[in-house]
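**Q** Attaching a predicted model along with its sequence, questions to come.
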Amino acid sequence: MEIKYWAATDVGRKRAQNEDNFLIDKGLNLFLVADGMGGHASGEVASSMAVHTIREVIFNTRDLIESFDEEDPGAHIEISTLLEYAVHSACAEIFYKAQQEPEKRGMGTTVVCLLVVGRRGFIAYVGDSRIYLLRNGVVYPLTEDHSLMNELIRSGRVNPEEFAGSPYASFKNAMTRAVGVHEHVEVDILDFEVLPGDAFLLCSDGLYEYLEGSEIASSLALSEIEEIPGRFIDLANSRGGKDNITALVVQIARAEGKPGRAAELNFTIDTLRRLPLMRQLSYQQLCKVMAIARMRPFERGELISREGEVGGQLSVVLEGDVRLGRRGREVATIHAGNHFGEMDLIDTGARYFTSSGLSDGRLLVIERRDFYEILHRDPQLAVRLLWNLTHDLSKRVHETTDALLQARAQLDGDGEIEPPVQSLEIELTEVTVVKHPGKKGTSAEKADEIEEIEVGDLVED
């Protein structure tokens, strides 16, 4: 896979020093951007230490990259763990240096890291620097800011349009996570498929605050990659340049005659987005779900699963139709774009239905053990998935109750014996999320306000 890249950084029009740093290792296909903070040149020290320490850790364990098997789920975990460990190592190095040199105490940095291994991309990030993906003319953010502003907006406390006039406006640049401020930091990881024609922008907040999605798309699509970072920097400076500006662009060469895979991935993402379980998930979160799913083809008349057997899978029908039956009787037909087996994600008992193919088709299958792993690794995604699941099950209970009451009314009208029917309701009153040892979120009361984050030490950029 041919990869082109180019980067540039600029001090901007308001700052005296440039505390941004970037690093490219073409042998590893490793790309890094860091935005330092701390004053007295400490921010520059932190960002420089971060990119070089991360690169050194990955280089010293490059045998994992060289032996990477795309078909082995364990290999994906190994690379993700390697990136996480590299960022943790950088965090500890920066923190210890600050303890030894009192004038540097409190220094830290953001980090965004892209590692391309074969046809996979691995991202690690902390802070509010970002990575954007341009795919088929559409720009997708692949990172989510670890900032107070984003946490307040995401939790529903403040609308994005109202933030500037809110009591929190003075904390716009405060971050909830940074590398090196403390000895340890929580790192977000993303594993996804890289396609021919993809383009990436890694940048600091000094750039993206001045950009619209259409401007990112039009610039990333340019063929002369050496011109793109400079265009971005000129644009940011022309609109104020109040911070340091860094742009690192990566382009994956197009493959002639192979446009189908991008369309297939987009269809799969769109199908997942329509599922009640995946409601309101971001593109980044849907990519995380895709990373744990596997494709399973089936044929007409093929037995997919049997009632009474041990379950453990959620199946999304991407193509074709699936028949659900119980005790030899047909119960329902599942068409493309719908799913079955969601109870298997939480119920360790036997399957309730038998499923078989009514036509040739394909399933996207998510195993229970992988579902639990993603819940463990990503508390924010866990809250959304579990809330959606509870909401969906509650809706089904109400529908079942209504059907039973209707059946009872019909029996009453015919003079039959009234069957005992009890209306059931499920009401979610509290959700507690353990983000990581020693910290937990608070309860949530409604779907669009599902999590309030306890923000401890905030770091001013």
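**A** Sure, I can see it.

**Q** When you work out contacts or count neighbours from here on, use the C-alpha atoms and nothing else.
**A** Noted.

**Q** Could you tell me which other helices and strands the longest helix anywhere in the chain packs against?
**A** Across the chain, the longest stretch assigned as helix under DSSP state H is helix 379-413. For helix 379-413, the packing partners by 3 or more CA pairs under 8 Å, 6 or more residues apart in numbering; DSSP states H and E come out as helix 368-377, strand 434-436.

**Q** and G213, how many neighbours?
**A** 14 (other CA atoms under 10 Å).

**Q** host element of L64?
**A** For L64, the enclosing helix or strand under DSSP states H and E is helix 63-66.

**Q** now the next helix or strand after that helix: mean pLDDT?
**A** Using DSSP H and E, the helix or strand that follows helix 63-66 in sequence is helix 73-100. Across helix 73-100, the average pLDDT comes to 94.

**Q** Please state the offset of helix 73-100 from the chain centre?
**A** In terms of CA atoms, centre = their mean, to the nearest Å, the centre of helix 73-100 is found 19 Å from the chain centre.

**Q** what inclination does the longest helix of the chain have with respect to helix 368-377?
**A** Put simply, helix 379-413 runs at 120 degrees to helix 368-377, going by axes from the mean of the first three to the mean of the last three CA atoms, to 10 degrees.

**Q** For helix 379-413, buried residues please.
**A** By neighbour count on 16 or more other CA atoms under 10 Å, the buried set for helix 379-413 is 379-385, 387-391, 393-394, 397, 401, 404-405, 408.

**Q** returning to that earlier point: output the helices and strands packed on helix 379-413 as a markdown table; include the columns mean pLDDT, mean neighbour count and distance to H52.
**A** As requested, the helices and strands packed on helix 379-413 are arranged in a markdown table below (pLDDT from 0 to 100; neighbours: other CA atoms under 10 Å; distance: least, CA to CA, whole Å):
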| stretch | mean pLDDT | mean neighbour count | distance to H52 |
| --- | --- | --- | --- |
| helix 368-377 | 83 | 16 | 26 |
| strand 434-436 | 44 | 16 | 27 |
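
**Q** Include distance to Y283 when you put these into a markdown table, please.
**A** Compiled in a markdown table, the helices and strands packed on helix 379-413 are given as follows (distance: least, CA to CA, whole Å):
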| stretch | distance to Y283 |
| --- | --- |
| helix 368-377 | 15 |
| strand 434-436 | 21 |
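
**Q** closest one to P73 among the ones you listed?
**A** helix 368-377 (10.1 Å; CA to CA).

**Q** any low-confidence regions in the stretch 301-450 of the chain?
**A** Applying pLDDT under 70 to the stretch 301-450 of the chain flags the ranges 414-450.

**Q** Swap in 90 and give it another go.
**A** For the stretch 301-450 of the chain, the stretches flagged by pLDDT under 90 are 307-314, 318, 328, 331, 336-352, 366-450.

**Q** quick one, strands of the stretch 51-200 of the chain?
**A** 108-109, 111-117, 120-126, 130-135, 138-141, 174-175, 188-193, 199-203 (DSSP state E, counting those that start in this stretch).

**Q** Can you tell me what sits against the fifth one?
**A** When contacts are taken as CA atoms under 8 Å, 6 or more residues apart in numbering, the neighbours of strand 138-141 outside the stretch itself are 130-134, 213-214, 216-217, 283-284.

**Q** Got a PyMOL select line for the buried ones in those?
**A** Of the contacts of strand 138-141, the buried ones go into a single PyMOL selection, burial set by 16+ other CA under 10 Å:
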select buried, resi 130+131+132+133+134+216+217+283+284
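
**Q** Assumed I304 was part of a strand.
**A** Yes - the assignment for I304 by DSSP: H, G, I helix; E, B strand; the rest coil puts it in a strand.

**Q** from what I can see it touches S356, true?
**A** Yes - judged on CA atoms under 8 Å, I304 makes contact with S356 at a distance of 5.0 Å.

**Q** For those two, indicate the residue with more neighbours.
**A** Applying other CA under 10 Å to I304 and S356 shows that S356 carries more neighbours, namely 21 against 17.

**Q** Distance of that one relative to E56?
**A** Plainly put, S356 is 51 Å away from E56 if you go by CA to CA, to the nearest Å.

**Q** Could you do L248 as well?
**A** Look at L248 and E56: by CA to CA, they are 20 Å apart.

**Q** Which of those two has more residues huddled nearby?
**A** Ranked by neighbour count (other CA under 10 Å), L248 and E56 place L248 first, with 25 against 14.

**Q** Next, the buried residues of stretch 337-347.
**A** Under the neighbour-count criterion of 16+ other CA under 10 Å, stretch 337-347 has 337-345 buried.

**Q** my guess is G118 contacts M1, does it?
**A** Yes - between G118 and M1 there is a contact at 7.2 Å, judged by CA under 8 Å.

**Q** how distant is stretch 173-186 from the center of its chain?
**A** Computed by CA atoms, centre = their mean, the chain-centroid distance of stretch 173-186 equals 19 Å.

**Q** for stretch 143-150, same thing?
**A** 13 Å.

**Q** Repeat that for stretch 144-162.
**A** Stretch 144-162 sits 17 Å away from the centroid of its parent chain (CA atoms, centre = their mean).

**Q** Secondary structure element holding G36?
**A** Going by DSSP H and E, G36 is part of strand 30-37.

**Q** tell me the average confidence for that strand?
**A** pLDDT averaged over strand 30-37 gives 97.

**Q** and the angle from it to strand 130-135?
**A** Going by the same axes, to 10 degrees, strand 30-37 makes 140 degrees with strand 130-135.

**Q** contacts for strand 30-37?
**A** Residues from elsewhere that reach strand 30-37 (CA under 8 Å, 6+ apart): 19-25, 42-48, 50-51, 55, 107-116, 129, 202-204, 246, 248, 460-461.
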